[in-house]
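1. Return atomic coordinates for the entry below.
(one chain, ligands or ions: 1)
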Amino acid sequence: MQVAKSISESGQFFSFEFFPPKDKATWPVFMEKAQRLTDLNPLFASVTYGAGGTSHENSLEVCSAIKKDMGVNILAHLTCAGASENSIDDFVGQLSQIGVTDILALGGDGLAESNVKSRFFHAVDLVEYVDEKFSEVGIGVAGYPGGHPDCPSIVRDIKFHNDKLAGGADFTITQLFFDNRQFFDYTQRVAALGVERPVIPGVLPIQSLASLRRIMSLCGAAIPGDLYCGVEKAFKDGGDAAVMDFGFEFARKQIAGLLDGGAPGVHIYTLNRAAMCEKLIATLKADGYFN
Ligand code: FAD
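-> Predicted coordinates:
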């Protein structure tokens, strides 16, 4: 079933993002973590594409393993980086063979200058192409509650986002953020432009100071000063274990606040780690969410 349809038929849900590890030697550990997380019964799992230099073949292999062996619906990321009509047709065709009917259409990290001349430069180009050529494929897009770092104005960024929805996208998954007010403000601004589709907040549970620093430097999102100081203090006082406790409590409250405020569900950036997400889902269920 397409992701958009499953969202419309579901109550408030959770879903997970995985990234295919570059080093194949680590795949058995990755698959064990993915199995543990898919056992929690997420509405869908998304698999990144090309991020951090991983190959498209690895993305397909992970999509296939999660779909076929773990029985979870897949949202396969696809980017404009290096894309041509042939490469897109090929990727979508291979997804179809393994029963995957949804893509997350993205600009892509590290878009090369050569892409400027390509017909696929912005995510909207992918959206329009896939929507026209593969009507059976569901399409998600990325949204940025804090504005995309390359866009000089949030108003312009939301207008470009609206073009993706008008071009055929069925739903949005947001970049990570830590202040829920940003998310609710963003959903109102997006809806005000007239094309209403589900907006799923992307949530990053903070699992270590090192991974937080790495991700923030890569994605360009902002972190409130008091939150960052809190993470640093936890690390100083009690090392990684204290950061995990701090991050767990923050994510639990953030997700509860999003669901209480009416978000359709949450998409959790797992960083391919299982323990924190397992604990979050169990605790939130005990608190009455996701039931
Ligand atoms: P776009 O929608 O093309 O937007 C990129 C920038 O261009 C924005 O500043 C926008 O305002 C501007 N823009 C858009 N349209 C126009 C236009 N017509 N004219 C002028 N400016 C315009 N990267 C990966 O490589 N692989 C992944 O798997 C991956 N997964 C992601 C998942 C999520 C949920 C998110 C939020 C991001 C992900 N990324 C991934 C990162 C993403 O590729 C980058 O953030 C990229 O810089 C922008 O992608 P986009 O789809 O928002 O692009």
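
2. What about the closest residue to the ligand within the chain, how many residues nearby?
-> Closest contact between the chain and the ligand, by C-beta to the nearest ligand atom, is at residue 107 (2.7 Å). To be clear about C-beta, it is placed using only N, CA and C from the backbone, and glycine gets the same treatment. Counted with other C-beta atoms under 10 Å, the neighbours of residue 107 add up to 20.

3. give me every residue that touches it.
-> By C-beta atoms under 8 Å, 6 or more residues apart in numbering, the contact list for residue 107 reads 79-81, 121-123, 142.

4. quick one: which of the residues you listed is nearest to residue 217?
-> Nearest to residue 217 among the contacts of residue 107, counting by C-beta to C-beta, is residue 142 at 18.2 Å.

5. ok, the host helix or strand of that closest one: who's next to it in the sheet?
-> Following DSSP states H and E, one finds residue 142 within strand 138-143. Strand 138-143 sits in its sheet next to strand 102-106 (parallel), strand 171-176 (parallel), going by DSSP bridges.

6. pLDDT score for the closest residue in space to the residue of the chain closest to the ligand that isn't next to it in sequence?
-> Spatial nearest neighbour of residue 107, excluding adjacent residues (C-beta to C-beta, 6 or more residues apart in numbering): residue 123 at 4.8 Å. Note on residue 123: pLDDT of 97.

7. so how many other residues sit close to residue 123?
-> Neighbour count for residue 123, taken as other C-beta under 10 Å: 25.

8. Need the three-state assignment for the residue in the chain sticking out farthest from the centre.
-> Distance from the C-alpha centroid of the chain, by C-alpha atoms, centre = their mean, peaks at residue 237 (31.6 Å). Following DSSP: H, G, I helix; E, B strand; the rest coil, the label given to residue 237 is helix.

9. need the contact list for it.
-> Neighbouring residues of residue 237 by C-beta under 8 Å, 6+ apart: there are none.

10. any idea how far it lies from residue 208?
-> Per C-beta to C-beta, to the nearest Å, residue 237 is found 15 Å from residue 208.

11. just residue 82 next, same as before
-> According to C-beta to C-beta, residue 82 and residue 208 sit 32 Å apart.

12. higher neighbour count, those two?
-> Neighbours were counted for residue 82 and for residue 208 using other C-beta under 10 Å; residue 208 has more, 19 against 15.

13. Give the residue spans of the stretch 151-291 of the chain that score low on pLDDT.
-> For the stretch 151-291 of the chain, applying pLDDT under 70 flags no range at all.

14. Contact residues of it facing the ligand?
-> Residues of the stretch 151-291 of the chain lying near the ligand by C-beta under 6 Å from any ligand atom: 151, 157, 160, 173, 175, 202.

15. Can you turn the buried part of the residues you listed into a PyMOL selection?
-> Buried residues among these (16 or more other C-beta atoms under 10 Å), as a PyMOL selection:
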select buried, resi 157+173+175+202
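
16. Among the residues of the stretch 151-291 of the chain next to the ligand, which one lies nearest to residue 1?
-> For those, the minimum distance to residue 1 (C-beta to C-beta) is 17.5 Å, reached by residue 173.

17. ok, that closest one - contacts?
-> Applying C-beta under 8 Å, 6+ apart to residue 173 gives the contacts 46, 104, 140-143, 200, 202, 267.

18. which of these tops the neighbour count?
-> Neighbour counts for these (other C-beta under 10 Å) peak at residue 140, which has 29 neighbours.

19. Was I right to think it contacts residue 76?
-> No: the criterion here is C-beta atoms under 8 Å, and residue 140 misses it with residue 76 at 9.9 Å.

20. ok, how many other residues are close to the closest residue to residue 195 other than its chain neighbours?
-> Nearest in space to residue 195, with sequence neighbours left out and distances taken as C-beta to C-beta, 6+ apart, is residue 165 at 4.0 Å. For residue 165, the count of nearby residues is 23 (other C-beta under 10 Å).

21. Residue 165: which element?
-> Taking DSSP H and E as the criterion, residue 165 maps to helix 154-166.

22. Touching that helix from outside, list them.
-> By C-beta under 8 Å, 6+ apart, the residues outside helix 154-166 that reach it are 105, 122-124, 127, 141, 143-144, 146-148, 151, 172, 186, 189-190, 193-195, 197.

23. is any part of the strand holding residue 142 close to the ligand?
-> Yes: Strand 138-143 comes into contact with the ligand (C-beta under 6 Å from any ligand atom), by way of residue 142.

24. can you give me how far that strand is from the chain middle?
-> Put simply, strand 138-143 sits 9 Å off its chain's centre (C-alpha atoms, centre = their mean, to the nearest Å).
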